[in-house]
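Chemist: how would this look folded up:
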Amino acid sequence: MRFAAAAVACLVLVSCSSRQLVAPDRQAAENAYYRRAISLNSLDSWELAGKLSIDDGQDGGSGRLSWRVHENESLMKFRGALGKASWQLESGTGFAELQKSDGSVTRADTASELLEAELGWYIPVESLKSWALGVAAPGDPELLDLDDYGRVLAMQQSGWNITFSRYREFGDFELPGRMDAVRGRYRLKMAVSKWTLQHPAQTDE
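Modeler: Numbering: from 1, shown residues only. Model prediction:
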């Protein structure tokens, strides 16, 4: 992996006196990333709301997206501009079900193949679950660029080039407000305005 440029020193003003803080080195950035990845991947469930844009070079669409993930199950609801091209996708281990705005329902083994077959859009739904959180999907990425504090700026995985920006605090985490992913003629853009995160339930000893 290669990481973001070497850490730089910065001056901050604390309690009317200034002191110099040295940002973590690249190893520290890598360690911080893996701590973030472990914590984010341990989330029991999450929900997001925002906008999704999809383009294959010839056709595309954009609209509002709400997405709820609980354990291994996922529910994506997409509403295109002016209510056009709206759909709902429910998926889990070994199944996927797509309901379109005309009421028709189709099924397949995976969410990605179902969306591609029915809508003509290739969306790597399983990987996107991790990418939306700003971490790599299971399996080592080919490239991982981090900032000094372990946040992903860009990565390459499964043939996709993904960039992240507009990090903001949501609960205990800093998560990207924008993600852009490109693979050949396919381009995905996601802008998240709201996150709801839930940690695994704690049990008493």
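Chemist: same for the longest strand along the chain, what does it pack against?
Modeler: What stands out as the longest strand in the chain, according to DSSP state E, is strand 186-198. Counting by 3 or more C-beta pairs under 8 Å, 6 or more residues apart in numbering; DSSP states H and E, the packing neighbours recorded for strand 186-198 are strand 45-55, strand 60-70, strand 160-170, strand 173-183. Using the backbone N, CA and C atoms, a C-beta is placed for each residue, glycine as well.
Chemist: Who does the following helix or strand past the second one pair with, and is each partner parallel or antiparallel?
Modeler: Proceeding N to C from strand 60-70, the next assigned helix or strand is strand 73-80, under DSSP states H and E. On the basis of DSSP bridges, the sheet neighbours of strand 73-80 come out as strand 60-70 (antiparallel), strand 87-92 (antiparallel).
Chemist: Ok, which of those comes nearest Glu142?
Modeler: Nearest to Glu142, of all the strands paired with strand 73-80, is strand 60-70, at 25.0 Å by C-beta to C-beta.
Chemist: Give me the angle between the longest helix along the chain and strand 173-183.
Modeler: Taking DSSP state H as the criterion, the chain has its longest helix at helix 26-41. Put simply, helix 26-41 runs at 90 degrees to strand 173-183, going by axes from the mean of the first three to the mean of the last three C-alpha atoms, to 10 degrees.
Chemist: so what's the residue nearest the centre of the chain up against?
Modeler: Ranked by distance to the mean C-alpha position of the chain (C-alpha atoms, centre = their mean), the top residue is Ala132 at 0.8 Å. By C-beta atoms under 8 Å, 6 or more residues apart in numbering, Ala132 lies in contact with Leu48, Trp67, Met179, Met190, Val192.
Chemist: Just give the closest residue to the last one, not the sequence neighbours.
Modeler: Taking C-beta to C-beta, 6 or more residues apart in numbering, and ignoring the residues beside it in sequence, Val192 has Gly50 as its nearest neighbour in space, at 4.0 Å.
Chemist: The one you found touches Trp195, doesn't it?
Modeler: No. Gly50 lies out of contact with Trp195 (C-beta atoms under 8 Å); the separation is 9.1 Å.
Chemist: on that earlier part again, please state the backbone phi and psi of the residue nearest to the centre of the chain?
Modeler: With angles defined as degrees, to the nearest 10, Ala132 sits at phi -60, psi -30.
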